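J.: Predicted structure and sequence below. I'll ask about it afterward.
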Amino acid sequence: MCGIVAYIGNRAATPVLLDGLFRLEYRGYDSAGLSVIENKSMHTFKCKGKVAELQKSIDDQDIGSTIGIAHTRWATHGVPNDINAHPHISRDGSISVVHNGIIENYQTWKKILEEKGFQFDSETDTEVIAHLIEYFKKEYSINTEEALRRALTHIVGAYALVILDEDEPDTILAARKSSPMVFGIGSDEYFLASDVNPIGQYTDKFIFLEDDQIIRIDRNNGYRISSFENEAVSSEIHRIDVRLEEVEKGNFPHFMLKEIYQQPQTIADSMRGRYNRKDGWISVGGLKKEIDRIGQAKRLIFVACGTSWHTALVAEYLFEEIARIPCEVEYASEFRYRNPIIDEGDLIIAVSQSGETADTLAALSLAKERGAMTYGIVNVVGSSISRVTDTGSYTHAGPEIGVASTKAFTSQLAVLTLMAIQLGRYRNEVSDTEYHALIEAIDLLPSKAEQILEQNDKIRYIAGEIKSASNALYLGRGYNFPVALEGALKLKEISYIHAEGYPAAEMKHGPIALIDLYMPVIVIGTNESIQDKILSNIEEVKARKGIIIAIINEKEQRIRDIADFYIEIPKTMDALSPILSVIPLQLLAYHIAVMRGCNVDQPRNLAKSVTVE
Ligand code: G6P
């Protein structure tokens, strides 16, 4: 979703801003722009389309500015076009604003300002902020910061805002409410951005702005963070090392492929130090420190969105089977609006790659309001969810840049699997024999993931055979039902083929009507315990001439014999199988999308981090 980057220091601002925008591209956007101040005069460039277009429009201009703000826009109010792109400029041209989020009452203020003679060029909610600051500044003869404070008392919504005013050419102002913003401290230079990736090459010192905070950054006097009521706030400086190679594609044609291939490593990283095969123990820190409380939990409620919601669905199977704790899995967006019953003894577990998803954050704050304990399973270090939860565990998968989530899913699952076993053990639900068998099996997951990647050529071949389909059906049972959902999501996200995931037995209650000789049906058939049932489902598809692509365990002869295509994966315990069975589905979707000429890393309309509800 929208991305912000801002700079003040001694370097030329434009290259820093453009480079930052390129690094924010992964979030998903449809237009881009920037403003810089040179010789006390604001220069703004913006256009629909890619950052490369913006760069072209600036290239031949000779701008020596060392202060500026920039933005990638993901349209909410108004179509993607040059005018709606950010920055938005005040009536007199002196104030420039970039904004992530949504101003809910912008219509009211638009009307008031229009009556006062302000003209609106764009259809956006953001433009109102630029005019409002100018209006207050002039009406009350106050400076930009005071005008911003006054404006914030009137606007309702979610925002990360950055403001540049040519009357104060050595200052950047920013404000945050429910939309992420990180402040980077270099030597004699400062940065603001939506996440650490675009500025991590310049500094490792970051402050994560909290809700209801304003920052004033002054070239000569440093920075001051304050509450909306103007009380100074002291904030912790976090040290985060963003390695450049982590946010670059390396030798891979796409981030998504790189991230699929990283999985043997990221699965291992997510479990590192949390189990020991030789000594036979599992201990996830965030869980360990609250084990007595969590161990007594009456119910686990998982809240998440997108792929993370699929992770949570697998977690439900894991925690119910292994730890024998009742679980519920909720779309965060539904949970927050339906007055859910939250009891003492419930633990709310938020699963999120970015740690910034607006609905997941809102679900957590509702749970906290009602006194529940909260746990975060988060990838991005220092993100909002990691900060608001009572305890939690990072997944340590490294930056995930491809919009279609891959390594985040398997690392979330790895952490949750360890937690389910640890909790099961604490609750005396896991015998010694099971415990050690699980630890042995976990230890082999990274090398088994590696073996799956070795089948990439075969998977690419199968992709070629089904790439022209208009629809696809994914079927799985038990632990692999959520994997079917995830496989279908991957395909529709990046190839735009309509795909649905179903529990295999449910096929008879609807989707079977769609099956004909053009319909690929991808069956995840690795669960040992229900092999016969899956076989029957496959027969039902074959009887209607559907094309079967089966994900099976090595040497599984019966399914192999009737499937049109099969992909073998190394056998593991049923509870662990989703971590492996999803990998061929990621590769299948990837190759199909590439063959169809789709933009794999930045699929249309999608955003990596959904920071508005
Ligand atoms: C967006 C992304 C998905 C992601 C979902 C939840 O839709 O495109 O890949 O699964 O948000 O994001 P989170 O960061 O909370 O896991």
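T.: It's in. Small disclaimer: the values here were computed from a predicted structure and weren't measured. Numbering: from 1, shown residues only.

J.: Tell me the spatial nearest neighbour of the residue of the chain found nearest the ligand, not counting adjacent residues.
T.: Using Cβ to the nearest ligand atom, Gly306 is the residue of the chain that sits closest to the ligand, at 2.7 Å. (Glycine included, C-beta is placed from N, CA and C.) The spatially closest residue to Gly306, leaving aside those adjacent along the chain, is Ser405, at 6.9 Å (Cβ to Cβ, 6 or more residues apart in numbering).

J.: What residues does the one you found make contact with?
T.: If a contact means Cβ atoms under 8 Å, 6 or more residues apart in numbering, then Ser405 has 306-308, 353 as its contacts.

J.: Determine the number of other residues adjacent to Arg277.
T.: 13 (other Cβ atoms under 10 Å).

J.: how much space between Lys137 and Pro87?
T.: In this view, Lys137 and Pro87 are 17 Å apart by Cβ to Cβ, to the nearest Å.

J.: which element is the residue lying closest to Phe252 once chain neighbours are set aside on?
T.: Ranked by Cβ to Cβ, 6+ apart and with sequence neighbours excluded, the top spatial neighbour of Phe252 is Lys258, at 3.8 Å. Lys258 belongs to helix 255-261 when assigned by DSSP states H and E.

J.: Quick check: what element follows that helix along the chain?
T.: For helix 255-261, the succeeding helix or strand toward the C-terminus, using DSSP H and E, is helix 263-271.

J.: How about the residues of the protein by the ligand?
T.: Contacts of the chain with the ligand, taken as Cβ under 6 Å from any ligand atom, map to 305-308, 352-354, 357, 360, 403, 405, 606, 608-610.

J.: Most neighbours of all those, which one?
T.: Neighbour counts for these peak at Ser352, which has 34 neighbours (criterion: other Cβ under 10 Å).

J.: Report pLDDT for that one.
T.: Per-residue pLDDT puts Ser352 at 98.

J.: Tell me where the stretch 251-400 of the chain has helices.
T.: With DSSP state H, counting those that start in this stretch applied, the stretch 251-400 of the chain shows helices at 255-261, 263-271, 285-288, 291-295, 306-318, 332-335, 358-369, 384-388, listed in chain order.

J.: List the contacts of whichever strand or helix holds Tyr461.
T.: If you go by DSSP H and E, Tyr461 is part of helix 456-466. Helix 456-466 is contacted by residues 472, 520, 547, 549, 565, 567, 584, 587-588, 591-592, 595 when judged by Cβ under 8 Å, 6+ apart.

J.: export the residues you listed to JSON lines and tack on neighbour count?
T.: Below are the contacts of helix 456-466 laid out as JSON lines (neighbours: other Cβ atoms under 10 Å):
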{"residue": "Ala472", "neighbour count": "25"}
{"residue": "Pro520", "neighbour count": "26"}
{"residue": "Ile547", "neighbour count": "22"}
{"residue": "Ile549", "neighbour count": "25"}
{"residue": "Phe565", "neighbour count": "19"}
{"residue": "Ile567", "neighbour count": "22"}
{"residue": "Pro584", "neighbour count": "25"}
{"residue": "Leu587", "neighbour count": "26"}
{"residue": "Leu588", "neighbour count": "28"}
{"residue": "His591", "neighbour count": "23"}
{"residue": "Ile592", "neighbour count": "29"}
{"residue": "Met595", "neighbour count": "15"}
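
J.: Can you tell me what sits against the least confident helix or strand in the chain by mean pLDDT?
T.: Among the helices and strands of the chain, helix 531-543 carries the lowest confidence by mean pLDDT, DSSP states H and E, at a mean of 87. Residues from elsewhere that reach helix 531-543 (Cβ under 8 Å, 6+ apart): 475, 477, 504-505, 507-508, 512, 515, 521, 523, 525, 527, 548, 550, 556, 558-559, 562-563.

J.: Please apply the same query to stretch 246-258.
T.: In this structure, residues lying in contact with stretch 246-258 by Cβ under 8 Å, 6+ apart are 23, 26, 197, 200, 261, 398-399, 401-404, 406, 494, 586, 590, 594, 600-601.

J.: Now do the contacts for the residue nearest to Ile459 when sequence neighbours are not counted.
T.: What sits nearest to Ile459 in space, not counting adjacent residues and going by Cβ to Cβ, 6+ apart, is Leu587, at 4.5 Å. With contact taken as Cβ under 8 Å, 6+ apart, Leu587 is in contact with 260, 453, 456, 459-460, 463.

J.: Now for these: which two are most distant?
T.: With distances taken as Cβ to Cβ, the most widely separated pair in these is Leu453 and Ala463, at 14.8 Å.

J.: more neighbours, the two?
T.: It is Ala463, of Leu453 and Ala463, that has more neighbours when counted by other Cβ under 10 Å, with 22 against 15.

J.: For that one, which non-adjacent residue is closest in space?
T.: On the basis of Cβ to Cβ, 6+ apart, the spatially nearest residue to Ala463 that is not a chain neighbour turns out to be His591, at 3.5 Å.

J.: pretty sure Trp309 contacts Glu334?
T.: No - using Cβ atoms under 8 Å as the test, Trp309 is too far from Glu334 to be in contact (10.3 Å).

J.: And the average pLDDT for the helix or strand hosting Lys138 is what?
T.: Secondary-structure element containing Lys138, defined by DSSP H and E: helix 127-139. Across helix 127-139, pLDDT averages out at 97.

J.: Local confidence estimate at Met1?
T.: For Met1, the pLDDT comes out at 75.

J.: Same question for the one 10 residues further on.
T.: Here, the pLDDT recorded for Arg11 equals 95.

J.: how many neighbours does it have?
T.: Around Arg11 sit 14 other residues, with neighbours defined as other Cβ under 10 Å.

J.: you'd agree it is up against Glu189?
T.: Yes - counting by Cβ under 8 Å, Arg11 touches Glu189, with 6.7 Å between them.

J.: In this structure Ala589 contacts Ala404, no?
T.: Yes - under the criterion of Cβ under 8 Å, Ala589 makes contact with Ala404 at 7.2 Å.

J.: what's the overlap in contacts for the two?
T.: With Cβ under 8 Å, 6+ apart applied, the overlap between the contact sets of Ala589 and Ala404 consists of 490, 493-494.

J.: could you dump the residues you listed to JSON lines with neighbour count?
T.: JSON lines is the format used below for the shared contacts of Ala589 and Ala404 (neighbours: other Cβ under 10 Å):
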{"residue": "Lys490", "neighbour count": "27"}
{"residue": "Glu493", "neighbour count": "24"}
{"residue": "Ile494", "neighbour count": "28"}
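
J.: Can I get those in JSON lines including secondary structure?
T.: Listed next are the shared contacts of Ala589 and Ala404 as JSON lines, based on DSSP: H, G, I helix; E, B strand; the rest coil:
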{"residue": "Lys490", "secondary structure": "helix"}
{"residue": "Glu493", "secondary structure": "helix"}
{"residue": "Ile494", "secondary structure": "helix"}
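
J.: Just put those in TSV and tack on pLDDT.
T.: Below are those laid out as TSV (pLDDT from 0 to 100):
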residue	pLDDT
Lys490	98
Glu493	96
Ile494	96
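
J.: Between those, which sits nearest Asn105?
T.: The shortest approach to Asn105 among the shared contacts of Ala589 and Ala404 belongs to Glu493, at 33.1 Å (Cβ to Cβ).

J.: Right, I'll leave it there.
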